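Student: Return a 3D structure for these sequence lines:
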Amino acid sequence: HQEVPEKVWCYVSKNTDRKNLESFNIQLLNHDEELVLEIIDFIARPLIGDSDKEETSIFRASWVEKENQPVDKNENQLVILTGFEAEIISELQSQLGYETRLINENDEVSFFKETFEVVQKLLKGKQKTNVSLLYPLDQQMKFGFVSGLFKSMKHENPDFHGKTIGFDQFDRNDVKRVVRLTESELLSNDEEVIFQNDIRRVKSLSANSLSFGSSPCRLRDNGIYLITGGAGGLGEITKNHLLKSGNVTIVLTGRRSRSEINIENNTRLNYFQCDVSDAKAVNQLIDQIIDEYGRLDGIIHSAGVEADDFIIIKNSDQIPNVLSPKITGTINLDQATRFLDLDFFICYSALSGFLGNLGQSDYASGNAFLDYFTKDRNKAIAQGERKGRTISINWPLWANGGMQVDDSSIEYLKNNWSLKPLPSEKGMEILDNIINSDQSGQFVAIYGNQKGFLSKFNEVSSDTNKSNDIASIKVEVTDDHLAAKSLKYLKSILAEEL
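Tutor: Sure thing, here's the model as predicted:
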């Protein structure tokens, strides 16, 4: 009817007279509510082929060399600086040709909260902006995890792009080189970038060498294993599985009192109340375990809290409750067990930590922290400062345990990401294979069609304007009730509540 503008309203109605086919009428309207395009009797048919093939896949997240590939980006740039010495900060601010913002918070949660508030203000201003964070690479765990915020921001509004850029140590004589690299980097689509000895690397997925098998989990005989968040859905699944896997004792912990949870009468099972975000309580917990059992052989950290909301309307006071179990709790567990000879320290992360997600900017960032912690602790192992492999697993949506979603969300995952909810037995098979291997680091697990997932991942990764399909829908938020309704429909994409 008319030329189709870049932004339109889309009205879809289902044809009820089609009994055996999914048929729709689609109308596109401009902002003056004038009809510009109409599609009548659009029929959706399932693809024929292996798109429904169900398979379990494990990928490795790793840093790979990649040349910068500049593209057209927003003219408005905001560069956030953090972690550098004052002299370097001053030089960067004076030489970068863009607006800069200094954030100097001492702890990770406060740093994230201030960064979040900067991003929130930009989104409310509605001016297309690229946001980049520059940080020193030796503090990657402390700062790099805000990639979860930036990726979620892109999902919620594709007009806003974010990226993290880590530089290895440099002095004021190298500032011009860093400025040159940064200004070039602001024109690329890659969302997580580091420079080591001038070699540019980006975070990517790679094939994993794990061989799948049905061998039971090889745990230490008479081993003692701690599961945090043990009263939650995934904690319950993991506990039951490990108890069947060998002669082990499982110690559960959570914020609820023992009287509030149902602990079966089992001499190989115990529960201690503990808030892992409380350092003193965590130290007491580890002391209790050592006093009672004489040792601790491994940790599975599955504690987590979510409080989903779009960035533009989220109350930043909610952030500490979401981040504390993932960030503060992980640090506390690591400090309390730093002298113990562990077999492993496993963090239950989520796909949202790797991909970001609508309404989960803080939760995604908390999971991203677990991934960076894994890298940092494995470095400490290499230096003789810790013992026991460190592993993070970016879990997809589970069929049981954790978040339950409606049929339309499950259908979206299948049609757009070739993913299906992960059955409990398949998830525990992944855990078994990772534990039975000698590998450590960050693993990304999916259940569904591997080829379809990788195709979508590569599409999204190569073009920041191609967020996931639902994420590209702009939602005009007029009140909290509308936002809550919108979020209920959208929030479950590629996320898992642990």
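Student: Just confirm Gly329 is within a helix.
Tutor: Yes - counting by DSSP: H, G, I helix; E, B strand; the rest coil, Gly329 falls inside a helix.
Student: For it, give its distance to Ala86.
Tutor: 32 Å (Cβ to Cβ, to the nearest Å). Yep, even glycine has a C-beta here, placed from its N, CA and C like the rest.
Student: the more surrounded of these two?
Tutor: Taking neighbours as other Cβ atoms under 10 Å, Gly329 and Ala86 compare with Gly329 leading, 25 against 9.
Student: Skipping adjacent residues, who's closest to that one in space?
Tutor: Nearest non-adjacent residue to Gly329, counting by Cβ to Cβ, 6 or more residues apart in numbering: Val276, 3.3 Å away.
Student: Now for that neighbour: which residues touch it?
Tutor: Thr228, Thr253, Val282, His301, Ala303, Pro325, Thr328, Gly329, Thr330, Asn332, Leu333 (Cβ atoms under 8 Å, 6 or more residues apart in numbering).
Student: Kindly report the same for Ala364.
Tutor: By Cβ under 8 Å, 6+ apart, the residues touching Ala364 are Gly148, Leu149, Lys151, Ser152, Ala350, Ser352, Gly353, Leu355, Gly356, Asn357, Ala495.
Student: got these as CSV, with distance to Gly235, secondary structure and pLDDT columns?
Tutor: As requested, the contacts of Ala364 are exported to CSV (distance: Cβ to Cβ, whole Å; DSSP: H, G, I helix; E, B strand; the rest coil; pLDDT from 0 to 100):
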residue, distance to Gly235, secondary structure, pLDDT
Gly148, 22, helix, 97
Leu149, 26, helix, 97
Lys151, 27, helix, 94
Ser152, 25, helix, 93
Ala350, 14, strand, 93
Ser352, 19, helix, 91
Gly353, 18, helix, 94
Leu355, 24, helix, 91
Gly356, 25, coil, 91
Asn357, 22, coil, 87
Ala495, 18, coil, 43
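Student: can you redo those residues as TSV with distance to Glu191 and neighbour count?
Tutor: Listed next are those as TSV, based on distance: Cβ to Cβ, whole Å; neighbours: other Cβ atoms under 10 Å:
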residue	distance to Glu191	neighbour count
Gly148	10	29
Leu149	11	27
Lys151	6	29
Ser152	11	27
Ala350	17	35
Ser352	14	32
Gly353	13	33
Leu355	10	24
Gly356	8	32
Asn357	14	29
Ala495	17	29
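Student: Closest to Ile313 out of those residues?
Tutor: Ser152 (13.6 Å; Cβ to Cβ).
Student: do you know how far the closest one is from Glu411?
Tutor: 22 Å.
Student: Leu296 and Ile346: what is the separation?
Tutor: Distance from Leu296 to Ile346, by Cβ to Cβ: 13 Å.
Student: between the two, who's got more neighbours?
Tutor: Higher neighbour count among Leu296 and Ile346: Ile346, with 27 against 22, using other Cβ under 10 Å.
Student: count of residues packed around Ser23?
Tutor: By the measure other Cβ under 10 Å, the count of residues near Ser23 is 17.
Student: That one reaches Val12, doesn't it?
Tutor: No - at 11.0 Å, Ser23 and Val12 do not qualify as touching, with contact defined as Cβ atoms under 8 Å.
Student: about what we covered before: per-residue pLDDT, the residue nearest to Gly329?
Tutor: Confidence at Val276, expressed as pLDDT, is 97.
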